[in-house]
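Novice: Output the structure for:
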Amino acid sequence: LVLNSPVMFSSCVNVHNWGFFQKGNTILNASYPSNNYRIGDVIPLTINVDNSRGLLDVIQLKIVLLRKTTFTKINQAEKYPFEKVIFKQEYNFNVPSRTRNNFSCAITVRDTDLKANYQEVYNPYPFIKDFNSLMPSVDSFTMKNEYSIKISCYFNSYVTHGYRPRVIMPLSITHQLLDDYRLEKKEQEDFEN
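Specialist: Numbers count the residues shown, from 1 in each chain. Here you go, the predicted model:
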């Protein structure tokens, strides 16, 4: 599903430090211009943290780009999921309690380890030098390949996993964007005419 308009995800969490003590609530909003990108594209992210009703300071944002590949037996009885962190970065981002703040960053969709891991594998397609292009989003009968961006807030006091604001933003990674495909098709039609 390709969403070509800016998409926003939100998480409002009642924060408890040490899993017990109520420390107000914090709202994490994250957005990107579209969910459709190619391997190698840069994804601009806009993040807003509203800590105006929070009693703890937000000190860090953690951004992770994940690829989850699931292989399924033909009879659909067994599934074998493999999750890989493609990008992981922690950003110092200070939002004191009773305030708000915005943050912008950009991440690149590329698995830098993929080429190194498959250097010794026989490649029947020698013109393919980068195995990243073989890993788009796909949902078939025996294989599913999904991408997502996970953004989490961290505080100046210990907050357990379940009480941290977190958003998961799905991505559609394609070999070619729809606009590129249309342009290529139009160029082919013009060439034939």
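Novice: all contacts plus neighbour counts: C-alpha atoms, from now on.
Specialist: OK.
Novice: Quick one: list the elements packing against the longest strand belonging to the chain.
Specialist: Counting by DSSP state E, the longest strand found in the chain is strand 79-95. Applying 3 or more Cα pairs under 8 Å, 6 or more residues apart in numbering; DSSP states H and E, one finds that strand 79-95 contacts strand 58-72, strand 100-108.
Novice: Those strands: which one's closest to residue 152?
Specialist: strand 58-72 (5.2 Å; Cα to Cα).
Novice: Report the mean confidence score over that closest one.
Specialist: Averaged across strand 58-72, pLDDT comes to 95.
Novice: Ok, stretch 151-162 next?
Specialist: 95.
Novice: what about it, distance to the chain center?
Specialist: 19 Å (Cα atoms, centre = their mean, to the nearest Å).
Novice: And the contacts of it?
Specialist: Outside stretch 151-162, the residues that touch it by Cα atoms under 8 Å, 6 or more residues apart in numbering are 15-19, 28, 30, 56-64, 164-168.
Novice: mind listing what's buried in it?
Specialist: For stretch 151-162, a neighbour-count test (16 or more other Cα atoms under 10 Å) marks 151-155, 159 as buried.
Novice: Quick one: end-to-end length of that stretch, please.
Specialist: 14 Å (Cα to Cα, to the nearest Å).
Novice: quick one on the thing from earlier: what's the longest strand of the chain in contact with?
Specialist: Identification of contacts with strand 79-95 by Cα under 8 Å, 6+ apart yields 49, 51, 57-73, 101, 103, 107, 109-112.
Novice: now do 7 Å
Specialist: 51, 57-73, 101, 110-111 (Cα atoms under 7 Å, 6 or more residues apart in numbering).
Novice: Spatially central, which residue of the chain would that be?
Specialist: By Cα atoms, centre = their mean, the chain has its centre lying nearest to residue 149, at 1.7 Å.
Novice: thinking that one is in contact with residue 67, fair?
Specialist: No - the criterion here is Cα atoms under 7 Å, and residue 149 misses it with residue 67 at 9.1 Å.
Novice: Could I get the phi/psi values of residue 180?
Specialist: Main-chain torsions, residue 180, degrees, to the nearest 10: phi -60, psi -40.
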